[in-house]
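In: Model the following, please.
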Amino acid sequence: MQGIQNACEVAGDRRAEHLSLLKELVSIPSISTDPERATDVARAAAWIAERLREYGAEDVRLLSTPRHPIVWAEFSASTTDAPTADAPTVLIYGHYDVQPVDPIELWNTDPFVPTERDGRLYARGASDMKAQVMACIMAVRTAVECGTLGANVRFLLEGEEEIGSPNLAAAIERHADLFRADVCLNPDTGMIDATLPSIRYGLRGLAYFDVTVRGPSHDLHSGAFGGVVHNPLQALCELIAGMHNSDGSVALPGFYDRVRTIDDAERARASAVPFTDNDVKALSGVPELWGEAAYTPVERIGARPTLEVNGVWGGYTGEGSKTVIPAEAHAKLSMRLVPDQRHEDAAGYLSVYLETHAPSTIEWELSQLAGGPAYICDPDSRFHIAFAAALEAVWGRPPVLSRNGGSVPVAGDLERLLGMPSILTGFALADDRIHSPNESQDIENWYRGIDALIRYLGAPG
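Out: Numbering: from 1, shown residues only. Predicted coordinates:
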């Protein structure tokens with residue numbers, strides 16, 4: 001234990017260096033969805049690979065995929081009382097790609113010029129999830145140098161998470177021997193607030209769609225054709241409006257058929273999470289909440305499925321006026337799915353609805369862009385208990401156990417393909433504005449995260 005405490009002190013002495021390294025990484029605009037940024041995505045992967053080599057990895061590889069590379073590295077246990085042959089293997093997952101920065105005009109500072117302000121580091125990817133990746137790398141580096149690494153550690157750092165990880169499952173199957181481990185440490189789910197360390201034991205799955213509605217063969221003059229031609233934008237909005245019932249539930253046929261019931265144990269865990277209606281309103285800036293009234297906000301966010309409209313467009317959207325009935329209208333829709341729902345079935349829910357409700361005045365087309373399964377695990381495994389102890393040692397209180405509303409496809413892929421459970425955690429906070437302008441990471445919370453990771457890697461379960 002003395003060695004682990006010494007390692008934490010070494011990390012404390014290096015705080016300025018660690019922050020400088022994080023700034024280097026977030027300065028790289030690794031936007032995975034933008035083809036023009038492909039070289040920057042590759043540059044971020046190469047930067048990380050070089051750091052892992054520098055910090056003593058026995059093997060570092062850039063594994064190619066059809067789009068962006070996966071960074072893989074391996075470290076062996078270094079503690080004298082946990083020889084490599086007996087030590088568990090921990091796979092550390094992360095992603096180095098980031099979301100686009102739009103709308104750029106809402107940023108207070110350049111999103112790729114990391115800026116410290118009021119104890120936070122502002123930059124795209126600072127919270128999601130380059131700070132989390134670097135916390136893991138800094139913890140492993142420190143544990144190796146101080147001789148406290150009690151696990152064999154492998155890294156799986158992908159560059160496509162923000163586009164739905166389309167090539168990850170195939171890579172896991174192809175390189176199963178490289179990724180195999182006793183548990184995955186996945187710091188991509190964050191904390192409720194800076195005083196509440198968190199372990200998530202469940203995630204929602206994802207299905208993402210494009211919907212196109214077509215009407216006339218070309219844009220029409222709204223004066224000449226208004227009132228006799230069904231405007232595709234109006235038709236699309238009418239269809240979207242009918243996708244929810246008045247109580248906030250989703251109106252797609254069959255949508256709830258496979259939804260797992262929230263049992264008494266789940267409700268008890270959810271009720272212990274200190275996250276109220278007022279917290280949601282404060283974080284989101286809305287005057288009132290909306291959704292299924294029979295469930296609490298924590299239950300709705302973690303254990304109930306949703307259908308969301310992510311964007312609608314068509315016709316003229318420039319300055320001034322242009323009186324047209326557009327030939328086409330478009331929408332992007334996403335579903336968050338819960339255990340027992342299948343993302344492979346999601347397009348069927350939408351198709352049946354559209355076939356039933358789309359008027360004969362238009363034609364429609366549906367395409368699925370991404371999909372991933374929901375995930376749930378046992379929060380009382382020996383690895384989860386060990387990680388909870390590491391968090392409690394740093395924060396002085398046991399972590400909150402909860403399910404998370406977001407989607408991290410790799411957790412389901414690792415369980416399905418390798419039978420591997422995941423510890424879902426992280427040091428991002430609910431007010432970090434992930435995916436929004438002015439994303440930031442609480443710096444002190446990040447330092448605490450490094451300490452917790454050092455403690456866990458010394459006694460991983």
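In: On the pLDDT front, check the closest residue in space to Pro326 that isn't next to it in sequence for me.
Out: Excluding the flanking residues, the one nearest Pro326 by CB to CB, 6 or more residues apart in numbering is Gly315, at 3.5 Å. Heads up, the C-betas are built off the backbone N, CA and C, glycines and all. Note on Gly315: pLDDT of 96.
In: before we move on, what about Arg448?
Out: The per-residue pLDDT reported for Arg448 equals 98.
In: Would you agree it is in contact with Gln441?
Out: No: assessed by CB atoms under 8 Å, Arg448 is found out of contact with Gln441, at 12.0 Å.
In: who's more crowded, these two?
Out: For Arg448 versus Gln441, neighbours defined as other CB atoms under 10 Å are more numerous around Gln441 (30 against 18).
In: Report all helices and strands that the helix or strand containing the more buried one contacts.
Out: Taking DSSP states H and E as the definition, one finds Gln441 inside strand 440-442. In this structure, strand 440-442 makes packing contacts with strand 120-122, judged by 3 or more CB pairs under 8 Å, 6 or more residues apart in numbering; DSSP states H and E.
In: following the strand it packs on, which helix or strand comes up?
Out: Downstream of strand 120-122, the first helix or strand assigned by DSSP H and E is helix 131-146.
In: Report the distance from that following helix to the chain centre.
Out: From the chain centre to the centre of helix 131-146 is a distance of 21 Å (CA atoms, centre = their mean, to the nearest Å).
In: before we move on, what about stretch 265-282?
Out: 20 Å.
In: Can you show me the CA trace of that stretch as PDB?
Out: Extracted in PDB, the C-alpha atoms of stretch 265-282 (Å, rounded to 0.1, in the frame of the first residue of the first chain):
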ATOM      1  CA  ALA A 265     -33.600  -3.900  -7.000                       C
ATOM      2  CA  GLU A 266     -33.200  -1.600 -10.000                       C
ATOM      3  CA  ARG A 267     -35.700   0.900  -8.500                       C
ATOM      4  CA  ALA A 268     -33.800   0.800  -5.200                       C
ATOM      5  CA  ARG A 269     -30.500   1.600  -6.900                       C
ATOM      6  CA  ALA A 270     -32.100   4.400  -9.000                       C
ATOM      7  CA  SER A 271     -33.700   5.900  -6.000                       C
ATOM      8  CA  ALA A 272     -30.300   6.200  -4.300                       C
ATOM      9  CA  VAL A 273     -28.900   8.300  -7.100                       C
ATOM     10  CA  PRO A 274     -29.100  12.000  -6.000                       C
ATOM     11  CA  PHE A 275     -30.300  13.400  -9.300                       C
ATOM     12  CA  THR A 276     -33.700  15.200  -9.200                       C
ATOM     13  CA  ASP A 277     -36.000  17.000 -11.500                       C
ATOM     14  CA  ASN A 278     -34.400  20.300 -10.500                       C
ATOM     15  CA  ASP A 279     -31.000  18.900 -11.300                       C
ATOM     16  CA  VAL A 280     -32.100  18.000 -14.800                       C
ATOM     17  CA  LYS A 281     -33.700  21.400 -15.300                       C
ATOM     18  CA  ALA A 282     -30.600  23.200 -14.100                       C
END
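In: What residues sit buried inside that stretch?
Out: For stretch 265-282, burial by neighbour count (16 or more other CB atoms under 10 Å) applies to 266, 269-270, 273, 275, 280.
In: Which secondary structure state is assigned to Leu350?
Out: Following DSSP: H, G, I helix; E, B strand; the rest coil, we place Leu350 in the helix state.
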